[in-house]
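Here is my input, please return the structure:
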Amino acid sequence: MKTKNLFFLIVLLLGLTNCNKDENENISSELKFCANGDITNVVVNYEEIIGYDSTKHIFRIKESAWDKLKNEITPVTPDPNFEFSVAVDNQIIYTAKYVPGYYSYSIDDIITFNLGVPDLIYLELGYPGGAPELFTGEDLRNDLRVINQLQADNKIIEIED
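Presented below is the predicted three-dimensional model:
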């Protein structure tokens, strides 16, 4: 009887010591936009994404989420260092960087974004956009993990802009 009780106590103690709370337990595993590569700093959550046009590379988000994103870029003046990462299952798939329109240099290896009033996010290859043949980075805008998540919830849409 003592052996059974001791065995039960050891199993119970081992079970309790292995119940550590994961620091990422409260982080959603769905698609989300995270500020400046920080997976815990969610600026647009999945429920705020209305849809994505995979041929034009445009996200439609709720206006309140668009306002949050706009305020991240321009709290006072445009922040040329702001970027958001598109993440699925807490893994960053790609990052889109904000580049103000007045910049006079070109960047050929990054994905950039522009906001379209009142609820659109345009993703482009390089800066300035419009010359995809000059892009030297990896285009992950239609990564299968992103597309599968959006298709599962009928969020692949056609956007008239």
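
what lines up beside the biggest strand by length in the chain in the sheet?
When the chain is parsed with DSSP state E, its longest strand is strand 107-116. With DSSP bridges as the test, strand 107-116 is paired with strand 91-98 (parallel), strand 120-127 (antiparallel).

Just name the most buried of these.
strand 120-127 (a mean of 20; mean count of other C-beta atoms under 10 Å). C-beta: built from backbone N, CA, C; applies to glycine.

The longest strand of the chain - what's its average pLDDT?
Across strand 107-116, pLDDT averages out at 91.

and that strand, how far from the chain's centre?
In terms of C-alpha atoms, centre = their mean, to the nearest Å, the centre of strand 107-116 is set 14 Å apart from its chain centre.

Tell me which residues are up against that strand.
When contacts are defined by C-beta atoms under 8 Å, 6 or more residues apart in numbering, strand 107-116 is touched by residues 58, 66, 69-70, 73, 84, 94-99, 121-127, 129, 134-137, 139-141, 161.
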